[in-house]
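1. predicted coordinates and the sequence they were generated for:
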Amino acid sequence: MRNSKVLRYPISFVARVLVYISAAITVFMVFFLLGYIFVNGIPHLKPELFHWENTTKNNSMMPAIINTFIMMIMSLLMAVPIGVFSAVYMVEYAKRGNKFVHFVRVTTETLSGIPSIVFGLFGYLAFVIALGWQNSLLAGAVTLAIMVLPLIMRTTEEALIAVPDSYREGSFGLGAGKLRTVFRIILPSAMPGILSGVVLSAGRIAGETAALIFTAGTIAELPNSVFDSTATLAVHMYSLLNEGLHMEDAYATSVVLVVFVLGMNGLSKLIASKVGTKKER
């Protein structure tokens with residue numbers, strides 16, 4: 001029976017085989033990269049890499065880890081409100097066929113495809129040079145906020161579109177206004193998708209290097225103000241690799257960075273599942 005189906009639909013059989021091969025190659029590459037990083041990095045993890053102060057002797061990554069959290073929080077505080085409210089306007093308030101909404105969507109998709117180094121050059125010219133912020137935490141945070149804004153907008157928009165129209169109609173039928181419907185019905189229902197986009201954006205911020213080299217700098221020290229130069233964990237790893245003198249410490253730093261990004265992705269799924277469970281209850 002199976003052989004007859006193969007002979008009858010050879011193109012479908014070939015397509016299925018190609019899909020399986022592609023999936024196997026993808027899984028293999030992921031595990032190969034993770035295995036390579038862990039094998040080369042875990043043996044070089046040592047207590048000196050987690051001291052509070054970075055010196056030429058210990059190459060501590062602890063200041064860079066703290067800087068990564070600070071950079072992430074600052075960037076998300078700027079990008080999340082703008083991205084979420086922009087998506088709310090496009091889905092809930094703008095009329096269908098609105099040319100302005102079409103322009104915003106095209107712009108957002110264009111920004112999503114721009115390499116991060118271009119954002120870094122823009123941040124360098126606009127914030128570091130034109131505004132005179134120099135290489136600073138603030139310049140890096142604003143640049144990353146602009147970079148992750150398209151991702152937050154698109155994920156929020158898709159989450160809002162996925163909410164059934166019956167929710168809106170039921171709310172309006174009970175006498176609720178537009179604003180109350182959006183904040184009490186639509187946004188809570190779309191929250192799993194919104195949170196997933198936010199956490200994925202946080203993971204992208206944690207792993208970003210090119211944009212921050214031009215804007216935030218490469219000094220692995222805790223900043224005293226938002227106008228001080230600083231380095232995140234990814235930039236700190238890049239600096240160690242670029243010097244070529246501390247390859248073992250760079251591999252150890254890459255392990256922490258990979259675990260951090262994987263943790264952010266896992267947190268995204270956990271938050272989405274928890275919020276979805278509460279909503280069903």
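-> Okay, I see it.

2. check residue 273 and give its pLDDT.
-> If you check residue 273, the pLDDT there is 69.

3. distance from the host helix or strand of residue 36 to the middle of the chain?
-> Using DSSP states H and E, residue 36 sits within helix 10-41. Here helix 10-41 is found 23 Å from its chain centre; the criterion is CA atoms, centre = their mean, to the nearest Å.

4. and for stretch 127-145?
-> Relative to the centre of its chain, stretch 127-145 is centred 19 Å away, using CA atoms, centre = their mean.

5. now do stretch 213-223
-> Shown here is stretch 213-223, whose average C-alpha point lies 20 Å from the average C-alpha point of the whole chain (CA atoms, centre = their mean).

6. in it, what's buried?
-> Neighbour counts using 16 or more other CB atoms under 10 Å place 213, 214, 215, 216, 217, 218, 219, 220, 222, 223 of stretch 213-223 among the buried residues. From N, CA and C alone the C-beta is placed, and that goes for glycine too.

7. residue 225: what secondary structure?
-> Using DSSP: H, G, I helix; E, B strand; the rest coil, the three-state assignment for residue 225 comes out as coil.

8. list the contacts for it?
-> By CB atoms under 8 Å, 6 or more residues apart in numbering, the contact list for residue 225 reads residue 137.

9. repeat that for residue 149.
-> Remark: with contacts taken as CB under 8 Å, 6+ apart, residue 149 is in contact with 79, 82, 83, 108, 111.

10. can you show me the helices along the chain?
-> According to DSSP state H, the chain carries its helices in the segments 2-8, 10-41, 62-88, 99-112, 116-123, 137-161, 165-173, 178-181, 187-207, 210-215, 233-243, 247-280.

11. got the angle for the third one vs helix 137-161?
-> With axes from the mean of the first three to the mean of the last three CA atoms, to 10 degrees as the basis, helix 62-88 and helix 137-161 are set at 40 degrees to each other.

12. tell me which two of the buried residues of stretch 213-223 sit farthest apart.
-> Between any two of these, the greatest separation by CB to CB is 21.0 Å, found for 214 and 222.

13. how near is residue 62 to residue 239?
-> Computed as CB to CB, to the nearest Å, the residue 62 to residue 239 distance reads 15 Å.

14. end-to-end on stretch 213-233?
-> One end of stretch 213-233 to the other measures 12 Å (CA to CA, to the nearest Å).

15. likewise stretch 53-68?
-> Here the two ends of stretch 53-68 are set 15 Å apart, with distance taken as CA to CA.

16. ok, stretch 170-179 next?
-> Length of stretch 170-179, first residue to last, CA to CA: 14 Å.

17. buried stuff in that stretch?
-> Taking 16+ other CB under 10 Å as the criterion, stretch 170-179 shows residue 171 as buried.

18. from the chain's centre, how far out does it sit?
-> On the basis of CA atoms, centre = their mean, stretch 170-179 sits 34 Å off its chain's mean C-alpha point.

19. tell me the mean pLDDT over that stretch?
-> pLDDT averaged over stretch 170-179 gives 82.

20. how about stretch 64-82?
-> 91.

21. repeat for stretch 35-42
-> Stretch 35-42 comes out with an average pLDDT of 88.

22. tell me the contacts of the residue nearest in space to the middle of the chain?
-> The structure's the chain has its C-alpha centroid closest to residue 201; by CA atoms, centre = their mean the separation is 2.2 Å. Shown in contact with residue 201 (CB under 8 Å, 6+ apart): 75, 76, 79, 148, 151, 152.

23. ok, so of those, who is nearest residue 227?
-> For residue 227, the closest of the contacts of residue 201 turns out to be residue 75, at 16.1 Å, with distances computed as CB to CB.

24. quick one: contacts for the closest one?
-> Residues near residue 75 by CB under 8 Å, 6+ apart: 141, 142, 144, 145, 148, 201, 205.

25. sorry, back to before: so which of the contacts of residue 201 comes closest to residue 263?
-> Lowest distance from residue 263 to those (CB to CB) belongs to residue 76, with 16.1 Å.
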